[in-house]
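Need a 3D model of the following:
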Amino acid sequence: MKRRTLLTTAALGIGLAFGGAAFAESHAKTKACFVYVGPIGDGGWTYQHHQGALALQEAYGDKVEIAWQESVPEGADAERVLTQMALSGCNIIFTTSSSSMPPATSASMRTCRPTMRGSMKAARYRAILRAR
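Sure thing, here's the model as predicted:
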């Protein structure tokens with residue numbers, strides 16, 4: 001594993017560990033959605049991700065609602081499912097495949113709005129949206 005990937009993963013984990021609790025407390029109810037590439041009962045990758053989703057619900061109780069879609073094929077179907085989840089009120093969406101990143105990016109560009117008004121990232125985001 002490349003060092004940069006390892007450091008990025010570690011930073012993300014730390015951010016979720018410490019920022020996740022604050023995020024959940026700041027919302028009346030957080031809706032976390034999961035997109036699985038296979039069936040939950042496969043006993044492998046998807047099953048373990050679903051166990052994490054259930055642990056999330058158990059840890060935060062009624063402060064979090066989870067939803068999921070299993071056996072989502074890559075490509076246009078993934079983008080459709082991700083867009084529907086975003087429009088249905090999911091505050092955060094987890095995908096279990098790196099091949100879901102392009103559809104996730106496309107869906108987020110269409111459905112999400114930046115919260116960092118005035119920042120350089122928000123300006124770049126708005127420029128990308130205008131270019132579409």
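
got a list of what Leu82 touches?
Each residue near Leu82 by C-beta atoms under 8 Å, 6 or more residues apart in numbering is listed here: Val35, Ile93, Thr95, Ser100, Pro103, Ala104, Ala107, Ser108. (Glycine included, C-beta is placed from N, CA and C.)

and what of Asp62?
For Asp62, the set of contacting residues under the criterion of C-beta under 8 Å, 6+ apart consists of Lys29.

Give me the distance between it and Arg110.
In this structure, Asp62 and Arg110 are separated by 30 Å, where distance is defined by C-beta to C-beta, to the nearest Å.

Asp77 too?
From Asp77 across to Arg110, the span is 16 Å (C-beta to C-beta).

among the helices and strands of this protein, which has the poorest mean pLDDT?
When the helices and strands of the chain are scored by mean pLDDT, DSSP states H and E, helix 3-26 comes last with a mean of 49.

Tell me the first helix or strand C-terminal of it.
Stepping forward along the backbone from helix 3-26, the first helix or strand reached (DSSP states H and E) is strand 30-35.

Determine the set of other helices and strands touching that following strand.
With contacts taken as 3 or more C-beta pairs under 8 Å, 6 or more residues apart in numbering; DSSP states H and E, strand 30-35 sits against helix 45-60, strand 64-69, helix 76-87, strand 92-95.

residues in contact with the longest one?
Residues from elsewhere that reach helix 45-60, judged by C-beta under 8 Å, 6+ apart: 24, 30, 32, 34, 36-41, 64-66, 68, 70, 94, 96.

Write a PyMOL command that selects only the buried members of the residues you listed.
In PyMOL, a selection of the buried entries from these looks like this (16 or more other C-beta atoms under 10 Å):
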select buried, resi 24+30+32+34+36+37+38+40+64+66+68+70+94+96
